[in-house]
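Colleague: This is a predicted model, with the sequence first.
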Number of protein chains: 2
Amino acid sequence: MLIVQKFGGTSVGTTDRIKNVARRVAQARAEGNDVVVVVSAMSGETDRLIGLAHQISPLPDQREMDMLISTGERVTIALLAIALQESGVAARSFTGRQVGILTDAVHTNARIEQITAERLKESLAEGVVPVVAGFQGINQRSDVTTLGRGGSDTTAVALAAALKADLCDIYTDVDGVYTTDPNIVPNARKLSKISYEEMLEMASLGAKVLQTRSVEFAMKYQVPVRVRSSFNDHEGTLVTKEDLEMEQEVVSGVTYDKNQAKVTLLGVPDRPGIASKIFGTLARENVVVDMIIQNVSQGGMTDISFTVPKGDARRAKETLSKLAEEMGVQDIQLTENIAKVSIVGVGMRSHSGVAAKMFSSLAAEGINIMMISTSEIKISCVIDSKYTELAVRTLHDVFELSKTPPQKSEKGKAKTARRASK
Amino acid sequence: MLIVQKFGGTSVGTTDRIKNVARRVAQARAEGNDVVVVVSAMSGETDRLIGLAHQISPLPDQREMDMLISTGERVTIALLAIALQESGVAARSFTGRQVGILTDAVHTNARIEQITAERLKESLAEGVVPVVAGFQGINQRSDVTTLGRGGSDTTAVALAAALKADLCDIYTDVDGVYTTDPNIVPNARKLSKISYEEMLEMASLGAKVLQTRSVEFAMKYQVPVRVRSSFNDHEGTLVTKEDLEMEQEVVSGVTYDKNQAKVTLLGVPDRPGIASKIFGTLARENVVVDMIIQNVSQGGMTDISFTVPKGDARRAKETLSKLAEEMGVQDIQLTENIAKVSIVGVGMRSHSGVAAKMFSSLAAEGINIMMISTSEIKISCVIDSKYTELAVRTLHDVFELSKTPPQKSEKGKAKTARRASK
């Protein structure tokens, strides 16, 4: 098997932990696998570097930030290659550039456009374990770019896709993907399998196990991804395409996101083209708008609310203030103490009444729902952030997520196997 | 003027010092110069990285060491580019690779083979100050290489040569090149000018102001190099080609090197080919031999002594032990407490009796000379290391190095100028 193994910052946080990672890689090799390793910066390193830059400038240039923070992963690849060699495994470190990870030009948040992976194939053919710097690539100008927080996940999955690897193991400091945050719900249950679609929703909705873009890559190229801990040998969670064997819960997980703010425009003249003006202006400023609601018009006037990432909220308000004046908007309000609570599950497609159950159970706890947004496999509600934990616990309970669901087809398979052995 | 400014590790040791460097670069720009900046890693950073590697392996792979330690300079270039931008100077960071510094394949001690400098020229043409990572390049395989301790000096001089710069300023933590180490001789005098040849000898002989290879480059391409402090505005020392204006001392400086060890082979059969066997064997092991003496043969036997860098001494002894047995050598002795004390000066060419004066003044202090080596412009003596400071002070005194020498042609020039102004 060809396996891509990715180790996050905490897994390589000290030289002892790097030695531990080397043992794990050596083991996978000893079991007869070909292995490509992708690593993040040692935990704390990226923040240390960002801190240095901020001692010099409050708003440092993004190209220079990429030059700066991309050094973190380079340190780790060299140290891990040394650790592997020390434990008798032939290994060689490679930067993003050296394995041909070409990205667009958006510094600090670049997207991978192409991977040539030639030196990787060469290295594998020689029996040398390639140790690749995650999180980084180069643009057309040959300048270093980085892929945004959690970008090493994307590097790993993208390399797995480019090499047609059999599996991409994402080693992290948690045991896998849980039905919700175990810090809030102690009996949250680890999922053994989850579909790409569900994982994508959960990642977008605030579950921090995988970077959203890495899941998109995995889904697009059908790379089986396993999320597991680097500190034990538990089985982890397999992220894969939806199949009959998948656990058939209605809801697979509950997520929350406190990093949102709500902007409300009060007394907006209800004319055609107003919404396009508002959201066009925000788009040009690169403010990503998530949920939008517009009240029923009264006397030719309406209210429009939308949510944006908390870090962009003030900028969004300022950007709109001039436009609002021109349009005769009465007021712009900013609400920062909100949270988005969501339930996710492919089972929703075939079950009715899931939304009603969610709304009524929140209502029963006295939690007011400010905004609602739905997709085929998720329902999100914006609520007052002080109710976040209560809402998450309530939904986890109501949808019985701590119970292991029946795995019909697994049982069927087992029976068939037993029959075949007779 | 096009000036290459190089700042060493202590000059960029903290973010405050980096801001200070930015002010200095901004000033040179404001005076109408084009500037290319070359920087080292922040002081302590390279050692920190080497320390991490040694926590993992006593003898880490050299390719991986280059991947690891080359990150230090990348951090500095990004931070300095940010600092320059913050003070209103357009700036952009470049790695060794990005400015086309191609080296041979000798990891951790590579030599520059070619510099394309295209992005540098582009950047200068745009009015953007390029900030270049010193100490590093890439080899033919596009793997990162480093140029050895002090390699940033070589980067700076090599770039100055490639760009045909008018001047290469080496900013460091001392005021310039001194007649000897001021820690040993408090009245050591700063030289205002020194020839490439003398600087080359002094660098090779242990004066740590400039990397030897950088002086070779400067001499080969006739790049004027100025060594000066980044902490004040003193004039520094100009390293340039020998000319009539140069101070006409017999001796320009006294250097010492305690990083040497002496290996003696006792009772070597005095046959043709023996020396070639011994030193051929050492060369194949990459042990650099400095001085060699062979005693007068007695009864067909002789003793051979040579010096090597202290770090290679044990290896040299081990390498030779087998060969010595084959050849019937009686014993191999290793002496580590030696020092090489040297005097350097282009004036020696035209003055006789300099060597005799050196030997007799050492003898007058009771210092025994174990080995002697001379060139056209230097005389070196190996002595017991406990006498190092005494020998240096004695020679500095005897050759009157603390006195400012008469500068005949400078005076002549001044007169001419006065006349011309009448």
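Modeller: Nice, thanks for sending it over.
Colleague: how close does the spatially most central residue of chain A get to A:Ser40?
Modeller: Centroid-nearest residue in chain A, with C-alpha atoms, centre = their mean: A:Gln211, separated by 2.6 Å. Distance, A:Gln211 to A:Ser40, by C-beta to C-beta, to the nearest Å: 11 Å. Glycine gets a C-beta too; all of them are placed from N, C-alpha and C.
Colleague: now do A:Glu122
Modeller: As judged by C-beta to C-beta, A:Glu122 and A:Ser40 stand 24 Å apart.
Colleague: And those two? Which one has more around it.
Modeller: Applying other C-beta atoms under 10 Å in any protein chain shown to A:Glu122 and A:Ser40 shows that A:Ser40 carries more neighbours, namely 28 against 12.
Colleague: Spit out the contact partners of the more buried one.
Modeller: Residues in contact with A:Ser40 (C-beta atoms under 8 Å, 6 or more residues apart in numbering or on different chains) are A:6-9, A:11-12, A:72-73, A:76, A:134-135, A:152.
Colleague: just A:Leu159 next, same as before
Modeller: When contacts are counted by C-beta under 8 Å, 6+ apart, A:Leu159 is found next to A:4, A:36, A:38, A:99, A:115, A:117, A:120, A:132, A:165.
Colleague: Show me where the stretch 251-400 of chain A has its strands.
Modeller: Taking DSSP state E, counting those that start in this stretch to define them, one finds strands in the stretch 251-400 of chain A at A:253-269, A:292-294, A:301-309, A:331-344, A:371-375, A:378-384.
Colleague: Pick out the shakiest of those, pLDDT-wise.
Modeller: For the strands of the stretch 251-400 of chain A, mean pLDDT drops lowest on strand A:292-294, to a mean of 87.
Colleague: chain center to that strand, what's the gap?
Modeller: Chain-centre distance of strand A:292-294: 26 Å, with C-alpha atoms, centre = their mean, to the nearest Å.
Colleague: Stretch A:184-201 too?
Modeller: Using C-alpha atoms, centre = their mean, the offset of stretch A:184-201 from its chain centre is 13 Å.
Colleague: mind listing what's buried in it?
Modeller: By neighbour count on 16 or more other C-beta atoms under 10 Å in any protein chain shown, the buried set for stretch A:184-201 is A:184-185, A:188-201.
Colleague: Likewise for stretch A:49-66?
Modeller: So for stretch A:49-66, counting by 16+ other C-beta under 10 Å, buried means A:49, A:52-53, A:55-57, A:60-61, A:63-66.
Colleague: Between the two ends of stretch A:28-39, what distance do you get?
Modeller: 16 Å (C-alpha to C-alpha, to the nearest Å).
Colleague: what's that stretch in contact with?
Modeller: Contacts of stretch A:28-39 with the rest of the structure, by C-beta under 8 Å, 6+ apart, involve A:1-7, A:12, A:21, A:25, A:73, A:76-77, A:80, A:89, A:91, A:120, A:124, A:129-134, A:152, A:155-156, A:159-160, A:163, A:165.
Colleague: swap the cut-off to 6 Å and go again
Modeller: Outside stretch A:28-39, the residues that touch it by C-beta atoms under 6 Å, 6 or more residues apart in numbering or on different chains are A:1-7, A:12, A:25, A:76-77, A:80, A:89, A:124, A:129-132, A:134, A:152, A:155-156.
Colleague: Which residues of chain A lie near chain B?
Modeller: Neighbours of chain B within chain A, by C-beta under 6 Å from any C-beta of the partner chain: A:15, A:52-53, A:55-57, A:60-61, A:64, A:67-68, A:71, A:74-75, A:78-79, A:81-83, A:85-86, A:93.
Colleague: could you redo the last one with a cut-off of 7 Å?
Modeller: Within chain A, the positions lying close to chain B (C-beta under 7 Å from any C-beta of the partner chain) are A:15, A:18-19, A:49, A:52-53, A:55-57, A:60-61, A:64, A:67-68, A:71, A:74-75, A:77-79, A:81-83, A:85-86, A:93, A:98, A:142.
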